[in-house]
Every structure is written in structure tokens, then in C-alpha cells.
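>>> need the 3D shape of this:
(2 chains)
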Protein chains: 2
Amino acid sequence: MAFQSAEEVEAAFYDAFAACDVGAMGRLWIQEDAVCIHPGAVPLLGREAVMRSWEHIFAGAAGPSIKVQAIRRIAGKDLAIHIVEEQIAAPGDPSANAIVLATNVYRCTETGWLMASHQGVLMTGASGTGQTLQ
Amino acid sequence: MAFQSAEEVEAAFYDAFAACDVGAMGRLWIQEDAVCIHPGAVPLLGREAVMRSWEHIFAGAAGPSIKVQAIRRIAGKDLAIHIVEEQIAAPGDPSANAIVLATNVYRCTETGWLMASHQGVLMTGASGTGQTLQ
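Now for the predicted structure:
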């Protein structure tokens, strides 16, 4: 069940996000020293605060459609940083979309790779222009 | 002359930033795969684009005053991620300040530690309230 690579954690993260699945989201975050910075928000430090934020985001929400495009991957021995562009569309309305620039940090632990940090920055809101960062 | 730790690179980065010193800035960036995301801007990929942006920022500028406070440090074997709060004040006017949330990535190379990625997000602009992220 453990994640064998940063790429596996990243796929699970966006699957959990798109499905609004708190249980799946909880299984991929690191136990200690988690950091999550949602667009425009102050940093959330610690697993408890991070998971509370996802529970809040997912509560009553329909799953968005998320397309993820890698901008740069920095791979180390026990850490990996993925800078990605998230194209997030509201369910049933692909024209109402937002582009978020995310920096994801993954760590190799004794129980496999896990997400250590996620930071999202809103680049455009509901523009529908289809413009991307690259 | 090589940097012995991520902390040494970070100190040099903010010294170069505050002094508007292009030469010092150039010595601390990694040769390959550099990434720099200035507040509100699209990602700059590659050392050449990154250094061009700093030359542009520093051209004719007076050095700002920068106070840096660590929010979270994620240390690995050959990569380190520092999430920091930058309190940036215009020279001669400490009340005109901005708070930037920065994610800095450092890599241990054959020639010592170097900056691999810097991302800044503006949290407040010229508020003068002294409010911080923590």
C-alpha cells in the first residue's frame, strides 16, 4: 500500500482532490511537519491543521475536474519537489476554471513516499481563456 | 568559497537581494534547472531567464530592507526546502512594507550548496500593520 515514488503520491493527491476523498487524502500526507498553503491563505503547519482544511474544502463539495501539467521536477535522494500547473474546472462547467501554480514537496519515509508540503497560488480565476503558464 | 549548507546560501541570497548585487546573486544560483517565480509572475525556467529577472529588478533600485523569518525547514540528504516569511521595506520608509511568503529550494552539488528554486507570493502590500503570517 506504500507509495513507491513521489509520482505515485502526486497521482493519489490529485485523485483524492478530484474525488473530495478525505480518507485517501489523509493516507498520503506525512505524519510530522506537514505544511499546506492554500491560495491566498496563511501557512497551515502540522498534519492536524492541514487535514482539517481539506475536510473543510471537501465538505459538501462536488469533485472538480483537475488537469495537472508538470513545469519542473527537482529530484533528490529523499526529497522531491514538483512545480506543477493545476487547471481546475468546476464540475459540469469546464469554462469556469482556475489555474493554480502548485509546489509539491514529497519525502521518502520508512513507510514509503509521502506528501510533506503543498503550496497553491492562484494565477487566474474563472478566465475561461485557456491560457496556461507555459 | 563554496557554500557549506542551505542556510549559508539563504543568508547570501538575502544579502544579495538587499544589496541589489547581481554578481553575488549569480554566484549562489545553480547552473542547471533553476526555477524562479516572482510574486504574481509566471515561472522563469533556466539560469539565464532567472538571472535576467534579477538584473531587471536590481537595475537602478536602491536596496530594500529585508527581514526573514523561518516558517518551516524541510531538510533532506541533498535537497532542502525553506518556507520563509520575507518582510520587505522600501529604503528609508520602513512603514511601506510588503510581506512575501517564499519557498526556497537548495541543492547540494559537487561545488557546494546552491539555490535551485525561489518562489515568492505576496501576502500583503504596503499595509504597515506589522501583521505577520504566524
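>>> can the top helix by length along chain A be found next to chain B?
Scanning chain A for the longest helix, with DSSP state H as the assignment, gives helix A:6-19. No. Using Cβ under 8 Å from any Cβ of the partner chain, helix A:6-19 never reaches chain B; the gap is at least 11.5 Å. No exception for glycine: its C-beta is placed from N, CA and C like everyone else's.
>>> quick check: bridge partners of A:K67?
Assessed by DSSP bridges, A:K67 has beta-bridge partners A:Q87.
>>> ugh, typo on my part, it should be A:M115
Note on A:M115: beta-bridge partners A:W29, A:Y106, judged by DSSP bridges.
>>> next, the buried residues of the longest helix of chain A.
Judged by neighbour count (16 or more other Cβ atoms under 10 Å in any protein chain shown), helix A:6-19 contains these buried residues: A:A6, A:E7, A:V9, A:E10, A:A12, A:F13, A:Y14, A:A16, A:F17, A:A18.
>>> helices of chain A, start to end?
Counting by DSSP H, chain A has helices at residues A:6-19, A:22-28, A:47-58.
>>> now render those helices as a markdown table, adding mean pLDDT and distance to B:I83.
Listed next are the helices of chain A as a markdown table, based on pLDDT from 0 to 100; distance: least, Cβ to Cβ, whole Å:
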| stretch | mean pLDDT | distance to B:I83 |
| --- | --- | --- |
| helix A:6-19 | 97 | 18 |
| helix A:22-28 | 97 | 19 |
| helix A:47-58 | 96 | 13 |
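>>> need those helices in CSV with distance to B:R107, can you?
What follows is these, written out as CSV (distance: least, Cβ to Cβ, whole Å):
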stretch, distance to B:R107
helix A:6-19, 15
helix A:22-28, 24
helix A:47-58, 26
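>>> of the buried residues of helix A:6-19, which is the nearest to chain B?
Distances from the buried residues of helix A:6-19 to chain B were compared by Cβ to the nearest Cβ; the smallest belongs to A:A6, at 11.5 Å.
>>> got the residues of chain A near chain B?
Contact residues (Cβ under 8 Å from any Cβ) of chain A with chain B: A:33, A:35, A:37, A:42-43, A:45, A:71-72, A:74, A:76-81, A:83, A:101, A:103, A:105, A:107, A:116-117, A:119, A:121, A:123, A:133-134.
>>> and those residues, which of them are buried?
In terms of neighbour count (16+ other Cβ under 10 Å), the buried residues within these are A:35, A:37, A:43, A:45, A:71-72, A:74, A:76, A:79-81, A:83, A:101, A:103, A:105, A:107, A:116-117, A:119, A:121, A:123, A:133.
>>> out of these, which are inside strands?
When those are checked against strands (DSSP state E), the matches are A:35, A:37, A:45, A:71-72, A:74, A:79-81, A:83, A:101, A:103, A:105, A:107, A:116-117, A:119, A:121, A:123.
>>> any stretches of chain A with poor pLDDT?
Under the criterion pLDDT under 70, the flagged ranges of chain A are A:1, A:94, A:96, A:124-134.
>>> if you set the cut-off to 80 instead, what comes out?
Within chain A, the set of residues satisfying pLDDT under 80 comprises A:1, A:92-96, A:124-134.
>>> residues touching A:A24, list them.
By Cβ atoms under 8 Å, 6 or more residues apart in numbering or on different chains, the contact set of A:A24 is A:A12, A:D15, A:A16.
>>> circling back: of all the helices of chain A, which one is nearest B:D93?
Distances from B:D93 to each of those were compared using Cβ to Cβ; the minimum, 35.1 Å, belongs to helix A:47-58.
>>> helices and strands around that closest one, which ones?
The contact analysis (3 or more Cβ pairs under 8 Å, 6 or more residues apart in numbering or on different chains; DSSP states H and E) places helix A:47-58 against helix A:22-28, strand A:35-37.
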